[in-house]
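**Q** what would the 3D arrangement of this be:
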Amino acid sequence: MAIINLLGIAQGLFTAVALCTVKAGNRQANYLLAALLVSFAIGIAGATLGASGYYMEFPHLIRVGDPVVLLIGPLFLFYARSLTRNKLTRKDLLHFVPFAGYVLYLIPFFLQPAAQKVAFVQQMQESTSPGILFIILLRSVILLVYTYFTYRLLNHYNKQLKEQFSNVERLNLDWLNQVAKLLLVVIACSFLMYALILTGHLSFLVSNYLTSLLLTSVIYTVGVLGIRQARVFVMPASVEKNVVTHSVPVVPEEVRPVARYENSTLSEEKSQKYLQKLLKGMQQDKLYLNPDLSLQLLADTLDIPAHYLSQVINEQLGQNFYDFINSHRVEEVKARLLDPAYSHFTILAIAFDSGFNSKSAFNLAFKNQTGQTPSQFRVQVKK
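**A** So this is what the prediction gives:
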């Protein structure tokens, strides 16, 4: 387990260095992710040092990594905010107060001689101090709060994207949502381990190893997602520009729908007029065939203010922009699958020609709308 943890530390540090050397894309986000990975690596190193017995060789490193755990939550939130273009301010430095406070609290310990530090670790392994456990539990609670708010921010951001764009695969942050979910699992496991320690069913030594392995899994997850999705590390300029103009504030989800259009000046007459113009653009002009279609581009094409167009789609049709456009694309695919002239085309070719630019997004939209996979639909058509 120590070897696996050491490999995780190496992976985190290597990825952090790589991120700091990338000059393209969102450099602030890259630096924040690098700092987050270094924090994970230090946390893993501290736990592994104590669990493997190497603290005897380097006693003055004991508890050096403890405060760093308090950096993980704020850095994770700041990284998500930097990707969603919620600007960081000087007030955000207050998020580091718990870290600074914990460092001050540990200064007397850091000034102790090596023998006392070694004795502290040995005492922890034999009989856990309730005070130390409380501090460790408090760190997990703080991390839980930050992870929860980060998860909410990411969900709000991804929903907002669907109000603006018809293809969101290059813009959404689903990969980061997966990391947030994994962190929540890690925190849940931590709480379970604390309960087992208090009841005497788990030693502090074993919990150190398990915690290190869980944090290592987070580093490996980020690495794998980085390989699968290059934009995790380098966001294309065109995508970055779109995200800049559509930042998402942290607003409680239950509040937004109620207050969204209460101050709108759109009359019922104009709403119906815009609706007819919109439906004509879809049915006759087939504007949905443009894979790069966005709310703003559609609004410019139809000569309708973008905020009014969004309101019409939401209120009159009960859909967001993403679902509205892709429902027309699915109907286009179905029509072409029924047309013998397209029998020699692959399903994916038809999907891309109908405005989709992602196989996964197409399959999901088709299944949600028809209850069948595209292949099942084509087989049924042939029968």
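
**Q** so for stretch 25-32, mean pLDDT?
**A** In this model, stretch 25-32 has an average pLDDT of 86.

**Q** just the buried residues of that stretch, please?
**A** Residues Gly25, Asn26, Ala29, Asn30, Tyr31, Leu32 are the ones in stretch 25-32 that count as buried (16 or more other Cβ atoms under 10 Å). Using the backbone N, CA and C atoms, a C-beta is placed for each residue, glycine as well.

**Q** pLDDT score assigned to Ser310?
**A** 92.

**Q** dump the residue contacts of it.
**A** Glu163, Leu295, Phe321 (Cβ atoms under 8 Å, 6 or more residues apart in numbering).

**Q** next SSE after the helix or strand that it is a member of?
**A** Using DSSP states H and E, Ser310 maps to helix 306-316. Moving toward the C-terminus from helix 306-316, the next helix or strand (DSSP H and E) is helix 321-338.

**Q** dump that next one to CSV, keeping only the CA atoms.
**A** The C-alpha trace of helix 321-338 is given here as CSV (Å, rounded to 0.1, in the frame of the first residue of the first chain):
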residue,chain,number,x,y,z
PHE,A,321,-32.4,25.7,-25.3
TYR,A,322,-30.3,22.5,-25.4
ASP,A,323,-33.3,20.1,-25.2
PHE,A,324,-35.3,22.2,-27.6
ILE,A,325,-32.7,22.2,-30.4
ASN,A,326,-31.7,18.5,-29.9
SER,A,327,-35.3,17.4,-30.0
HIS,A,328,-35.5,18.8,-33.5
ARG,A,329,-32.2,17.1,-34.4
VAL,A,330,-33.6,13.7,-33.2
GLU,A,331,-36.7,14.2,-35.4
GLU,A,332,-34.4,15.0,-38.3
VAL,A,333,-32.4,11.8,-37.6
LYS,A,334,-35.6,9.7,-37.4
ALA,A,335,-36.9,11.2,-40.7
ARG,A,336,-33.6,10.3,-42.5
LEU,A,337,-33.6,6.8,-41.1
LEU,A,338,-37.1,6.4,-42.5
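
**Q** which secondary structure elements does that helix contact?
**A** helix 306-316, helix 347-353, helix 359-370, helix 374-382 (3 or more Cβ pairs under 8 Å, 6 or more residues apart in numbering; DSSP states H and E).

**Q** which helix in the chain runs the most residues?
**A** With secondary structure taken from DSSP state H, the chain has its longest helix at helix 130-161.

**Q** can you give me how far it is from the chain middle?
**A** Centroid separation for helix 130-161 versus its chain: 13 Å, with Cα atoms, centre = their mean, to the nearest Å.

**Q** could I have the buried ones of the contacts of Ser310 as ChimeraX selection syntax?
**A** To isolate the buried members of these in ChimeraX, using 16+ other Cβ under 10 Å:
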select :295,321
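
**Q** ok, back up a step: could I get the buried residue list for the helix holding Ser310?
**A** Quick answer for helix 306-316 (16+ other Cβ under 10 Å): Ala306, Tyr308, Leu309, Ser310, Gln311, Val312, Ile313, Asn314.

**Q** for this protein, give me the ranges with low pLDDT.
**A** 125-129, 226-260 (pLDDT under 70).

**Q** show me the strands in it, by range?
**A** Here the chain has no strands by DSSP state E.

**Q** residue with max distance from the center of it?
**A** Distance to the chain centre peaks in the chain at Ala115, reaching 43.8 Å (criterion: Cα atoms, centre = their mean).

**Q** need the contact list for that residue.
**A** Ala115 touches Pro59, counting by Cβ under 8 Å, 6+ apart.

**Q** gap between it and Ile44?
**A** 26 Å (Cβ to Cβ, to the nearest Å).

**Q** ok, Asn320 next?
**A** 41 Å.

**Q** so which of these two has more stuff around it?
**A** Neighbour comparison, Asn320 and Ile44: the larger count goes to Ile44, with 25 against 18 (by other Cβ atoms under 10 Å).

**Q** isn't that one right up against Ser212?
**A** Yes - here Ile44 reaches Ser212: they are 4.8 Å apart, a contact under Cβ atoms under 8 Å.

**Q** hey, what's in contact with both of those two?
**A** Asn5, Gly8.

**Q** sorry, back to before: Val224: which of the helices and strands packed on helix 321-338 is closest?
**A** Among these, helix 359-370 comes nearest to Val224, with 17.1 Å by Cβ to Cβ.

**Q** residues touching the closest one, excluding its own?
**A** So helix 359-370 is in contact with 167-169, 326-327, 329-330, 333-334, 348, 351, 356, 372-374, 377, going by Cβ under 8 Å, 6+ apart.

**Q** buried among those? Make that a ChimeraX selection.
**A** Here is the ChimeraX command that selects the buried residues among the contacts of helix 359-370 (16+ other Cβ under 10 Å):
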select :167,168,326,327,329,330,333,334,351,356,374,377
